[in-house]
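# Need the 3D shape of this:
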Amino acid sequence: MQIILKLNGVLMYFSVPDVLPPEDVHRVRKKAAQLDWADGRSTAGRTAKTVKSNLQADLTSDLGQGLHDFLMKAISGHSLVKRSARPKRFSRLLLSRTEGGGHYGYHVDNAIMGRDGHQLRTDLSFTLFLSDPESYDGGELNMMLPAGDFDAKPAAGTLILYPSGALHQVKPVTSGSRLACVGWIESRIQRQDQRELLFDLETVRASLQSGQNEQRLVIDKSISNLIRMWAG
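Predicted coordinates for the structure are as follows:
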């Protein structure tokens, strides 16, 4: 069951539990412990480098690429991610470990990411939490949004999806270790309000009872025509 946080009718973020079941979370942690880790500032933009203090895994090895592909399949194939984000492209994933007072201060994600002809516009950011929240202190994903500040520190296997243009931070991890998978989405529907309208229509369609075929066809037509109008 998803959690959708709205305030005054404005979408703040999606929380998607159980993107990974517990047994897969355990498998990811075990494989992550075998990877090589380096200073996370190597992937940060010029401003973000000054506020970033974490480690990132090398996902270019055979083990790392296999783990990357496993996580990407789980995230990109999740029905709620597809319905809410309308993905056109995903960035490569990052695997982040934060501990020993590490943090990632307030920053905005780069509007364009990637290189060598594989660039994408970042419409949505996501964090898939891989550590049990009771296993570390601090480490909340904090978002500074128009309606106020919000902290997220959900159960392992939960994904938080939020606007890439929002100021956000990872608060200092004062004990334990925080493992997370991070990535970005370019949506086929660039505007958040349009994505939300399509999501709401699909939610209504799913709630229709059997036999309400006429109503279902009208919603199908509306969704299809809105996608034709807005898709890029």
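# now the helices for this structure?
In the chain, the segments counted as helices under DSSP state H are 22-32, 62-76, 79-85, 192-207, 213-230.
# Those helices: which one's closest to Gly114?
helix 62-76 (14.8 Å; C-beta to C-beta). The C-beta positions use only the backbone N, C-alpha and C, and glycine is treated the same way.
# What are the buried residues along that closest one?
Neighbour-count burial for helix 62-76, counted by 16 or more other C-beta atoms under 10 Å, picks out 63-64, 67-68, 71-72, 74-75.
# Closest one to Leu20 out of the residues you listed, please.
For the buried residues of helix 62-76, the nearest to Leu20 is Ala74 (5.7 Å; C-beta to C-beta).
# hmm, which helix or strand of this structure has the shakiest average pLDDT?
Every helix and strand in the chain was compared by mean pLDDT, DSSP states H and E; the lowest is strand 3-7, with a mean of 50.
# Ok, which of the helices of the chain comes nearest Leu93?
helix 62-76 (5.4 Å).
# who are the neighbours in contact with Gly64?
By C-beta atoms under 8 Å, 6 or more residues apart in numbering, the contact list for Gly64 reads 35, 57-58.
# Only the buried subset of these, as a PyMOL command please.
To isolate the buried members of the contacts of Gly64 in PyMOL, using 16+ other C-beta under 10 Å:
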select buried, resi 35+57
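# how about the contacts of Gly64 in a markdown table, adding pLDDT and distance to His103?
A markdown table is the format used below for the contacts of Gly64 (pLDDT from 0 to 100; distance: C-beta to C-beta, whole Å):
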| residue | pLDDT | distance to His103 |
| --- | --- | --- |
| Leu35 | 98 | 21 |
| Ala57 | 97 | 18 |
| Asp58 | 97 | 22 |
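# Cross the contacts of Gly64 against strands and list the overlap.
Taking DSSP state E, the ones among the contacts of Gly64 that sit in strands are Ala57.
# Between the contacts of Gly64, which sits nearest Gly232?
The closest of the contacts of Gly64 to Gly232 turns out to be Ala57 (C-beta to C-beta; 32.6 Å).
# Quick check: bridge partners of that closest one?
Bridge pairing for Ala57 (DSSP bridges) gives the partners Trp37.
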